[in-house]
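Q: Turn this into a model:
(one chain, ligands or ions: 2)
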Amino acid sequence: MQIDINLQEKSYKVFINELKKISLDTKVAIVTNPTVSALHLDTLLGKIAASECFVITIPDGEQYKNFETINTILEECFTHRLDRKSVLIALGGGVIGDMTGFVASIYQRGISFIQVPTTLLAQVDASVGGKTGINNKFGKNLVGAFWQPRAVYCETEFLKTLPKREFSAGVAEMIKMAVTFDKDFFEWLELNSLHVEKNLQYAIEKCVKIKADVVSRDEREEGIRAVLNYGHTFCHVIENETNYSTYLHGEGVAIGMVLANSLANRLDLLSVEEGKRIQNVLEKYDLPTSYTIASAEKFYDSFFLDKKSANKKIKFILPKGIGDFAIKDDISKDVLLEILQ
Ligand code: NAD
Ligand code: GLY
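A: Residues are numbered from 1 along each chain as shown. Ligands and ions are numbered 1, 2, ... in the order given. Model prediction:
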C-alpha cells in the first residue's frame, strides 16, 4: 500500500510493506542506534543501492535527543564528505527519526532524508508529517524544524522484535486517532486484535491515512493538526511530574486521554459509556488509565508550561462522541480543578 502526503513540491509517499529496494545514485548515511542496528541494519543494508553507504550509530534513548548528539551526527556527515545531494536514512523509532530529520534540515542548509521507522509509534505517527527536533533543558521538542522526508517505509516485519510495552505505547497513538477522527475504525479496534499480523497492517494503513489527511491540510499545526494532541495536554504534565521515567510517552497519552474524557464528559461532549468504551480498548493493550494527582493546583499550574498554551490559554483537544473532536481553550479554572480533584 502507498499513501500520498500531499504538500505540493514537498509531497511524498508512505510505503507500507513495500520496501524492496532503495536505489540512489548518491552517498547515503543511515542513522541508527545499537539496539536497532543489531536487529535490523543488515536487512536494510541488503535493500540499499547507493554510490556509497555509511552507518552513523548514536546512543539509544530519549536522553540523547539533544544538541550534543546532533553535533555528533553532523561531524560524521562532514567526515564522510556528504554533499548537498546526499541522503540520510533514519532507521529506528521516533527519537532517531526526529534527530535524523533535524540534521537533514540543517546540514549544508538542508538535504534529503528517508524515514524507515521501526517502532509502531513511529510508523503510525512520528515518521509522517515532518516534525523534527530535539529536547533541551527547557522541555521536549522545543528546538527543531518542519522538514518533510522524501519517503517513508513502514515494514511490519520490523515490529516483531519490539518489546510489548513499546508496542502498546504505539497502540495508544492509534486509539487517539480513531477516537478523534474515525468512529468505524474505533469500533473495529474494539472488535479486533492488533496482535494479528493482517489486522496490524490494516490499522497502520488506517492511521497513516488519517495522519496523511491531517498533515496535507495543515502542515504547520495552525489548525486541525492540533487534534493529534488529544490526551497530550494532560500527558505532558504527567511526564513532567514523573521526570519522564515512569511512563513511556504512549502510556502518558493513554492516561491523558482518560483525563480528557472526564473533562469532555463534564462538558457534555462525551457520555460516561463512551468514555468507558475508550478505556476498555486502552486496557485491552495493558495501557495505564489512572494516575494519582497529588495536588490539583500544582497540576493545573503545570498546564502553562506546555508550548501549546498560548496567551495564557490552555488548549484542550476533547472527543465529541467517538469519531469527532472539539477544541476548547476557554475552560475555567474551577471546572479544571473539579476534574483534577
Ligand atoms: P524510541 O525511538 O525511543 O524507541 C523506543 C525503544 O525501542 C528504543 O529503545 C529503541 O531503540 C527501541 N526499538 C526501536 N525499534 C525497535 C525494534 N524494531 N525492535 C526492538 N526495539 C526497537 O521511541 P518511540 O516511541 O519510537 O518515539 C518516541 C519519540 O518520538 C519521542 O522523542 C517523541 O518526541 C517523538 N515523536 C515525534 C513525533 C513527530 O511527529 N515527529 C510524534 C510522536 C512522537
Ligand atoms: N504527533 C503529532 C503531530 O505530528 O502533529
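
Q: which helices and strands does the helix or strand encompassing residue 71 pack with?
A: Using DSSP states H and E, the element containing residue 71 is helix 67-79. Other elements packing on helix 67-79 under the criterion 3 or more Cβ pairs under 8 Å, 6 or more residues apart in numbering; DSSP states H and E are strand 27-32, strand 52-57, helix 94-106, strand 131-136. Where C-beta positions appear, they are placed from N, C-alpha and C, glycine not excepted.

Q: is the longest one anywhere near ligand 1?
A: It refers to helix 94-106. Yes - residues of helix 94-106 are located near ligand 1 by Cβ under 6 Å from any ligand atom, namely 94, 95, 96, 98.

Q: Leaving out the residues flanking it, which one is nearest to the first one?
A: Spelled out, it's residue 94. Spatially, and ignoring its direct neighbours in sequence, residue 94 is nearest to residue 126 (3.5 Å; Cβ to Cβ, 6 or more residues apart in numbering).

Q: Which positions in this protein make contact with ligand 1?
A: Residues of the chain lying near ligand 1 (Cβ under 6 Å from any ligand atom): 33, 35-36, 39, 60, 62, 65, 92-96, 98, 118-119, 121-122, 125-126, 129, 131, 140-141, 158-159, 161-162, 166, 169, 249.

Q: Surely the residue nearest to residue 94 touches residue 99?
A: No - judged on Cβ atoms under 8 Å, residue 126 makes no contact with residue 99 at a distance of 11.2 Å.

Q: isn't there a strand covering residue 13?
A: Yes - counting by DSSP: H, G, I helix; E, B strand; the rest coil, residue 13 is part of a strand.

Q: The chain should start at 376 in everything you say after this.
A: Right, with 376 as the first residue, what we last looked at is residue 388.

Q: wait, what's in contact with it?
A: Contacts for residue 388 (Cβ atoms under 8 Å, 6 or more residues apart in numbering) come out as 377, 378, 379, 380, 526, 527.

Q: Could I get the phi/psi values of the closest residue to residue 505 other than its chain neighbours?
A: Using Cβ to Cβ, 6+ apart and skipping the chain neighbours, the partner closest in space to residue 505 is residue 523 (3.8 Å). Dihedral pair for residue 523: phi -80, psi 140, per degrees, to the nearest 10.
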